[in-house]
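Asks: fold the following for me, if possible:
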Amino acid sequence: MSDWCLQREYGVRFEWGPTGARQLASDTACLVVVDVLSFTTSVTVAVEAGTRVFPYAWRDETASAFARDKEAVLAVGRRAATPAAPWSLSPAALRRAPFTPRLVLPSPNGSAISAAAAGSTVVAGCLRNATAVGHLLAQRGYGTAERPLAVIAAGERWPDGSLRPALEDLLGAGAIIDALGSRGDGPLSPEAAAARACFTQAPDVAAAVASCSSGLELALSGFADDVAVATELDVCAVVPVLTDGAFHDGTRAMARGA
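Replies: Numbers count the residues shown, from 1 in each chain. The predicted structure follows:
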């Protein structure tokens, strides 16, 4: 594929899904993964509590082996959580669960995007930490012509496996891009500028997420609490950074320039 898809003229770029991440990763210094419902929201909740989170792309027998190798607890599916295994992709459940120092969090969207980053810095962003992510990356010089970054909205999957662009991820990406743009970084690609406008022009972001397709799916499945946690706009100062295969709070390290 030629360079037309790379948004190369711009310091802040925007794309969708694992394929978009793979296309842009080779030409950017930082990839910001946005999976509001619920991978990156869950990452912020766990990292806030002091947990190191290992992303893993598959929820199958290999995930158990991976967790054992990492000496970590394996998160189960939302509906599979029990008192004996309370850790899951549900951010509300993670908030209630006992502390665990190491957690494997399977996710076919957010984890796959994290794995696509090659040598780029990978950051987990969502509505909860959008301003913290944007401001810290701007302080470290990301989002410029010299150190371009790409914000990747994970999206969801249709039953046939194809990408379903998801409003909640567009809004989360737009919130992070808005925080970057407010610090003077850029220029923004047309794609990034459109995502930012979607966020800034939304009259009520929380209501939009709650009433969009993904929010309704969770609510009707009994997980409205997850939507409530995911729409806690800017309550989190943690910036999870992927280091040695796990997300941890990169705020101090990135502030030191590490």
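Asks: please make it C-alpha for all contacts and neighbour counts, starting now.
Replies: Fine.
Asks: quick one: the strands in this structure?
Replies: 12-16, 30-34, 52-56, 73-74, 102-106, 121-125, 149-153, 156-157, 163-164, 240-243, 246-249 (DSSP state E).
Asks: quick check: buried residues in the fifth one?
Replies: Yep, that's strand 102-106 we're talking about. Buried residues in strand 102-106, counting neighbours by 16 or more other Cα atoms under 10 Å, are found at 102, 103, 104, 105, 106.
Asks: and the strands of the chain, which is most packed in?
Replies: strand 149-153 (a mean of 31; mean count of other Cα atoms under 10 Å).
Asks: so which elements touch that one?
Replies: With contacts taken as 3 or more Cα pairs under 8 Å, 6 or more residues apart in numbering; DSSP states H and E, strand 149-153 sits against strand 12-16, helix 17-25, strand 30-34, helix 167-182.
Asks: hey, what's the residue nearest to residue 188 when sequence neighbours are not counted bridged with?
Replies: Using Cα to Cα, 6 or more residues apart in numbering and skipping the chain neighbours, the partner closest in space to residue 188 is residue 12 (4.8 Å). Taking DSSP bridges as the rule, residue 12 bridges to residue 149, residue 188.
Asks: and the pLDDT at residue 12?
Replies: For residue 12, the model assigns a pLDDT of 97.
Asks: next one: it from residue 136, what distance?
Replies: According to Cα to Cα, to the nearest Å, residue 12 stands 14 Å off from residue 136.
Asks: verify the stated contact: residue 133 with residue 127.
Replies: No. Counting by Cα atoms under 8 Å, residue 133 does not reach residue 127; the two are 10.0 Å apart.
Asks: now do the shared contacts for those two.
Replies: Shared contacts of residue 133 and residue 127 (Cα atoms under 8 Å, 6 or more residues apart in numbering): residue 176.
Asks: ok, and what's touching stretch 135-145?
Replies: 9-12, 29-30, 147-149, 179-180, 183, 185-187, 251, 254-255, 257.
Asks: kindly recompute the last result at 6 Å.
Replies: 11, 12, 148, 149, 185, 186 (Cα atoms under 6 Å, 6 or more residues apart in numbering).
Asks: now tabulate those residues in CSV and tack on distance to residue 239.
Replies: Shown next, in CSV, are these (distance: Cα to Cα, whole Å):
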residue, distance to residue 239
11, 20
12, 18
148, 18
149, 15
185, 18
186, 20
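Asks: from the residues you listed, which is closest to residue 65?
Replies: The closest of those to residue 65 turns out to be residue 149 (Cα to Cα; 33.1 Å).
Asks: and the closest one, what pLDDT?
Replies: pLDDT at residue 149 comes out at 96.
Asks: and what of residue 1?
Replies: 52.
Asks: then residue 255?
Replies: 53.
Asks: where does the protein have its least confident helix or strand?
Replies: helix 251-255 (a mean of 67; mean pLDDT, DSSP states H and E).
Asks: average pLDDT for stretch 220-231?
Replies: 98.
Asks: how about residues contacting that stretch?
Replies: 41, 91, 92, 206, 218.
Asks: check stretch 117-132 too.
Replies: Residues outside stretch 117-132 that contact it (Cα under 6 Å, 6+ apart): 25, 29-34, 36, 40-41, 172, 175-176, 179, 232-237, 240-242.
Asks: returning to what we had before: now the helices and strands packed on strand 149-153 in CSV, with distance to residue 62?
Replies: Shown next, in CSV, are these (distance: least, Cα to Cα, whole Å):
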stretch, distance to residue 62
strand 12-16, 27
helix 17-25, 20
strand 30-34, 23
helix 167-182, 28
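Asks: residue 58 is nearest to which of these?
Replies: helix 17-25 (13.8 Å).
Asks: list the helices and strands the closest one packs on?
Replies: helix 110-115 (3 or more Cα pairs under 6 Å, 6 or more residues apart in numbering; DSSP states H and E).
Asks: residues of stretch 167-183 that come out buried?
Replies: For stretch 167-183, using 16+ other Cα under 10 Å, the buried residues are 167-181.
Asks: now for the buried residues of strand 102-106: which two are most distant?
Replies: Among those, the pair separated by the greatest distance (Cα to Cα) is 102 and 106, at 13.2 Å.
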